[in-house]
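# Got a predicted model here, sequence first, then my questions.
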Amino acid sequence: MSLIKKNLLLALAVVAPLSAHATVPNSTFQFYFEGPVFDEVSTAPTFVSGDLGVTIRAYNGAGQQIDVDKRWDGIGASGGLLEPGELNSSLFANPGEKLVLSFNKAVKLSSLRFSMWENDYLFNTFDHATVSWVGGSKLLSNSNDNGLILKTFDLGNVVSNTFTIQATGNLSAFRLAGINAVAAVPEPASYALMGLGLVGLALVKRRRQG
């Protein structure tokens with residue numbers, strides 16, 4: 001291969017992800033193109049966006065805590081030196097590895113974005129996962145926006161402060177690229193109940209003073 005051709009291929013390898021990144025809207029917590037070039041592992045990294053914080057922990061399919069793997073293309077899990085760093089499941093380990101997202105307050109989780117996600121076209125062999133929270137869960141496979149580089153799954157504003165993303169399927173390998181969430185605020189009915197409670201406290205206090 002000529003030197004010119006090698007340089008051209010190298011340039012394409014660099015420019016393609018950059019151009020793709022430029023067309024992807026930022027998430028509340030953005031991991032794609034925000035991490036180091038090479039894999040960096042840690043036990044429980046915390047990420048902050050405004051007044052929201054999220055701590056991420058990783059576990060294998062047996063429930064044992066393993067390292068969180070951070071890289072330029074997102075967040076994964078690593079159980080050892082030979083681990084590739086993605087969230088993996090296989091025919092022999094299904095369900096597979098998982099990430100637990102612990103927020104500093106209850107949030108409305110509207111969507112999750114993944115890199116290296118391949119839609120299922122043949123024989124149930126491509127990427128699958130579940131997202132679960134207290135009181136509910138959702139299966140993820142082809143129900144995404146079918147983006148070219150990143151796949152986004154709409155979760156419909158589910159509310160919790162802890163969410164678990166677990167790889168399933170016979171041949172899954174992907175990374176968490178972004179989290180879209182906002183702080184959960186009380187509904188109007190909750191405000192009304194709070195108001196009634198405050199009025200009640202005021203009446204009790206007035207009676208005691210009288």
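Cool, got the structure. Fair warning: this is a prediction, and the values are worked out from it, not measured in the lab.
# Quick check: which ranges of this structure have low pLDDT?
The chain contains residues with pLDDT under 70 at 1-24, 123-124, 186-210.
# all strands of it, in order?
29-30, 40-42, 46-49, 52-59, 65-71, 74-78, 87-90, 98-115, 128-133, 136-140, 150-168, 171-183 (DSSP state E).
# counting contacts, what elements does the second one pack onto?
Just to be clear, that refers to strand 40-42. For strand 40-42, the elements it packs on are strand 65-71, judged by 3 or more CB pairs under 8 Å, 6 or more residues apart in numbering; DSSP states H and E. Where you see a C-beta, it was placed from the backbone N, CA and C, and this is true even at glycine.
# What pairs with the strand it packs on, parallel or antiparallel?
strand 40-42 (antiparallel), strand 52-59 (antiparallel), strand 74-78 (antiparallel) (DSSP bridges).
# okay, the strands of the chain, which one's buried deepest?
Here the criterion is mean neighbour count by mean count of other CB atoms under 10 Å, and of the strands of the chain the winner is strand 74-78, at a mean of 27.
# Pull that one out as PDB, backbone CA atoms only.
What follows is strand 74-78, C-alpha atoms only, in PDB (Å, rounded to 0.1, in the frame of the first residue of the first chain):
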ATOM      1  CA  GLY A  74     -18.600   5.800  25.800                       C
ATOM      2  CA  ILE A  75     -18.900   3.900  29.000                       C
ATOM      3  CA  GLY A  76     -18.600   0.200  29.300                       C
ATOM      4  CA  ALA A  77     -17.500  -2.500  31.800                       C
ATOM      5  CA  SER A  78     -14.300  -4.400  32.300                       C
END
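# Show me what that strand is in contact with.
31-32, 35, 39, 41, 56, 58-60, 66-69, 83-88, 97-99, 114-116, 174-177 (CB atoms under 8 Å, 6 or more residues apart in numbering).
# Could I get the contacting residues of Phe29?
Taking CB under 8 Å, 6+ apart, one finds 47, 49, 52, 54, 178-179, 181 in contact with Phe29.
# try 7 Å
Shown in contact with Phe29 (CB atoms under 7 Å, 6 or more residues apart in numbering): 47, 49, 54, 178-179.
# again, but for Val68
Contacts of Val68 (CB under 7 Å, 6+ apart): 41-42, 44-45, 56-58, 75, 77.
# redo that, cut-off 6 Å
Neighbouring residues of Val68 by CB atoms under 6 Å, 6 or more residues apart in numbering: 42, 45, 56, 58.
# Not counting residues beside it along the chain, what's closest to it?
Distances taken as CB to CB, 6 or more residues apart in numbering place Ala58 nearest to Val68, at 4.7 Å, with adjacent residues excluded.
# any idea how far that neighbour is from Asn157?
Distance of Ala58 to Asn157, computed by CB to CB, to the nearest Å: 26 Å.
# Quick one: residues contacting Asn119.
Contacts of Asn119 by CB under 6 Å, 6+ apart are Asn142.
# Asn146 versus that one, what's the distance?
Taken as CB to CB, the span from Asn119 to Asn146 is 7 Å.
# coming back round to it: which among the contacts of Phe29 gets closest to Val131?
Ile179 (10.8 Å; CB to CB).
# Please enumerate residues in contact with stretch 135-144?
By CB under 6 Å, 6+ apart, stretch 135-144 touches 119-120, 128-131, 151-153.
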